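Participant: What follows is a predicted protein model with its sequence.
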Amino acid sequence: MVTELQFECIGLKDRGKIPLRHTGRGEDVSPEFVIHNLASNAKTIAIIMDDVKHHIFGTFNHWVIWNIPAQDRIQGCIPNGKVIPGLGNAMQGVGYGRHKYAGPKPPSGKQHEYKFTIYVLDCEITLKNNTRKKHLLEAIRPYIIQQGSITGIFE
């Protein structure tokens, strides 16, 4: 059974404006997350960020990362790359065509909604580093013990 994950995305209230620093018009760095009710049997964490109101695709993936060691605080400014040694060798798959966090950068004057979803798993996941969101979700589905999301707006 999947239970609700309670977490904060530092600098972003649910349904609030995403800080410029975390967008493609700013520093384009990932935000920091603080988890409040991490399950005692948690082993790893996966994060997916999607533009959920893309004008062409409907939902467009910006970031996928998995095998983050279970912890109450996930650092911001996660570096680019397929493997993140400083984060327990977490894997970044392909989101927005890259192995990195790709912050919001919608066309000027167009407001988009971006959803950060955190999945807490009871195991590590073995996937190739060219994995995209669809295959990550298929692989983690049986192992999700907690899940939560926060939506931010950017224009």
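Facilitator: Looks like it arrived, so ask away. Numbering: from 1, shown residues only.

Participant: I'd like to know how many residues surround Thr117.
Facilitator: If you count neighbours by other CB atoms under 10 Å, Thr117 ends up with 16. C-beta coordinates here come from the backbone N, C-alpha and C atoms, glycine included.

Participant: Look up how far Glu113 lies from the closest residue to it other than its chain neighbours.
Facilitator: Nearest in space to Thr117, with sequence neighbours left out and distances taken as CB to CB, 6 or more residues apart in numbering, is Ser149 at 4.2 Å. Separation of Ser149 from Glu113 (CB to CB, to the nearest Å) stands at 11 Å.

Participant: Got the phi and psi for the closest residue to Phe7 other than its chain neighbours?
Facilitator: Computed as CB to CB, 6+ apart, the closest residue to Phe7 that is not its neighbour in sequence is Ile35, at 4.5 Å. Main-chain torsions, Ile35, degrees, to the nearest 10: phi -100, psi 130.

Participant: Against His22, how distant is Ile35?
Facilitator: Taking CB to CB, one finds Ile35 at 18 Å from His22.

Participant: Between those two, which is the more surrounded one?
Facilitator: Ranked by neighbour count (other CB under 10 Å), Ile35 and His22 place His22 first, with 27 against 21.

Participant: correct me, but that one touches Ser30?
Facilitator: Yes. With contact defined as CB atoms under 8 Å, His22 counts as touching Ser30 (6.9 Å).

Participant: tell me, what's touching these two both at once?
Facilitator: Counting by CB atoms under 8 Å, 6 or more residues apart in numbering, the common neighbours of His22 and Ser30 are Gly103.

Participant: Around the nearest residue to Cys77 once chain neighbours are set aside, count how many other residues there are.
Facilitator: Spatial nearest neighbour of Cys77, chain neighbours left out: Val29 (4.4 Å); criterion: CB to CB, 6+ apart. Using other CB under 10 Å, Val29 has 17 neighbouring residues.
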